[in-house]
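*Asks:* The sequence isn't on hand, but the structure is:
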């Protein structure tokens, strides 16, 4: 018999990512009471300076204060704040965590890549139907991309130093993509993908027969654009099937445009127009490497994994 105890209270999960800061408040049954996302670009300049910039931290803190107020309104009694790639890489990450913890009033920590992957996997797979093939998640963030698949009852995961902001700043640039920047981005991505396969040889076992589930802003925005949504509709985005041809087409369209032109597409999220193309470069490369022709978009992600862990002691 399981020794787990379920907590009858409202809980909150905060995710301070490289590009966005997000909140999920859930009731005792795991139902979402509040979901919120704001583009804060916490990772701005981290690659170049090695530390979180004051302006980027303050943008994030402003959003966290609003989220704390939402927790008070909903009666959240337990919570957890996690930070990922940008804070992992920053020399002043501990300072950021201390100040963030003071604002939200809940425990705060930096996730190692494997824990980030495990929580994302738990959140994304909680409402999936059964599949004859193993399920792999690809969580494309601003600074890193987590890959995770369960094989023989064990989660095999790897955190790649690839994210839409990191690739934009290091290789692709923010404007129209020329051949040199295209080649630089592809080389950066392919090198890191090969590193992942060397570190996790079991990934080879699922090439050509894996169900791929895509998480986070790159995939969600692509799903919105594919559907031509003028306003976000979770029911349309969640579990939308996206082909590799769709990924390639939108990558090429966005790469040929300026950020201002990209904003003209229905479904484009303000704040992602300068980095979405880079995220699609990663997504296309992952699909190619694993022999996948389509993926499933999931709006359940690391936040759902965190709230589930808070509700289960």
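*Replies:* Yes, it's here. These figures come from a predicted structure and were not determined experimentally. Numbers count the residues shown, from 1 in each chain.
*Asks:* CA only for contacts and neighbour counts going forward, please
*Replies:* Fine.
*Asks:* How far does stretch 37-55 stretch from one end to the other?
*Replies:* 18 Å (CA to CA, to the nearest Å).
*Asks:* Show me what counts as buried in it.
*Replies:* 38-47, 51-53 (16 or more other CA atoms under 10 Å).
*Asks:* out of the residues you listed, which are inside strands?
*Replies:* 38, 39 (DSSP state E).
*Asks:* In TSV, list the buried residues of stretch 37-55 along with pLDDT and distance to residue 268.
*Replies:* Formatted as TSV, the buried residues of stretch 37-55 follow (pLDDT from 0 to 100; distance: CA to CA, whole Å):
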residue	pLDDT	distance to residue 268
38	94	14
39	91	13
40	92	16
41	87	16
42	88	20
43	82	21
44	82	20
45	76	23
46	77	25
47	74	25
51	88	29
52	89	27
53	91	26
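*Asks:* Distance to residue 280 for the buried residues of stretch 37-55 - can I get that in a markdown table?
*Replies:* Shown next, in a markdown table, are the buried residues of stretch 37-55 (distance: CA to CA, whole Å):
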| residue | distance to residue 280 |
| --- | --- |
| 38 | 20 |
| 39 | 18 |
| 40 | 20 |
| 41 | 18 |
| 42 | 20 |
| 43 | 19 |
| 44 | 20 |
| 45 | 21 |
| 46 | 22 |
| 47 | 20 |
| 51 | 26 |
| 52 | 25 |
| 53 | 26 |
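*Asks:* The helix or strand bottoming out on mean pLDDT in the chain packs against which elements?
*Replies:* Lowest mean confidence among the helices and strands of the chain (mean pLDDT, DSSP states H and E): helix 46-49, at a mean of 76. On a contact count with 3 or more CA pairs under 8 Å, 6 or more residues apart in numbering; DSSP states H and E, helix 46-49 meets no helix or strand.
*Asks:* what about 10 Å?
*Replies:* helix 85-89, helix 164-167 (3 or more CA pairs under 10 Å, 6 or more residues apart in numbering; DSSP states H and E).
*Asks:* where are the low-confidence patches of this protein?
*Replies:* Applying pLDDT under 70 to the chain flags residues 1-8, 313.
*Asks:* can you map out the helices along it?
*Replies:* 46-49, 54-74, 85-89, 93-104, 113-125, 164-167, 179-199, 216-227, 234-237, 244-255, 259-262, 276-289, 302-311 (DSSP state H).
*Asks:* got the angle between the second one and helix 93-104?
*Replies:* With axes from the mean of the first three to the mean of the last three CA atoms, to 10 degrees as the criterion, the two stretches helix 54-74 and helix 93-104 enclose an angle of 30 degrees.
*Asks:* Report the distance from helix 54-74 to the chain centre.
*Replies:* Centre-to-centre, helix 54-74 and its host chain are 19 Å apart (CA atoms, centre = their mean, to the nearest Å).
*Asks:* again, but for the fourth one
*Replies:* Between the centre of helix 93-104 and the centre of its chain there are 21 Å (CA atoms, centre = their mean).
*Asks:* what does it contact?
*Replies:* 12, 14, 16, 51-52, 54, 57-58, 60-62, 64-69, 71, 79-83, 86-88, 90, 105-110 (CA atoms under 10 Å, 6 or more residues apart in numbering).
*Asks:* now these: which count as buried?
*Replies:* The buried subset of those (16+ other CA under 10 Å) comprises 12, 14, 16, 51-52, 57, 60-61, 64, 67-68, 71, 79-83, 86-88, 90, 106, 108-110.
*Asks:* residue contacts, residue 209?
*Replies:* So residue 209 contacts 132, 133, 134, 135, 290, 291, 292 (CA under 10 Å, 6+ apart).
*Asks:* Name the nearest of those relative to residue 244.
*Replies:* The closest of these to residue 244 turns out to be residue 292 (CA to CA; 7.6 Å).
*Asks:* Nearest residue to the closest one in space, please, no chain neighbours.
*Replies:* Leaving aside its sequence neighbours, residue 292 sits nearest to residue 208 (CA to CA, 6 or more residues apart in numbering; 6.2 Å).
*Asks:* neighbours around the residue lying closest to residue 281 once chain neighbours are set aside, how many?
*Replies:* Closest residue in space to residue 281, ignoring its immediate chain neighbours: residue 251 at 6.6 Å, by CA to CA, 6+ apart. Residue 251 is flanked by 21 other residues according to other CA atoms under 10 Å.
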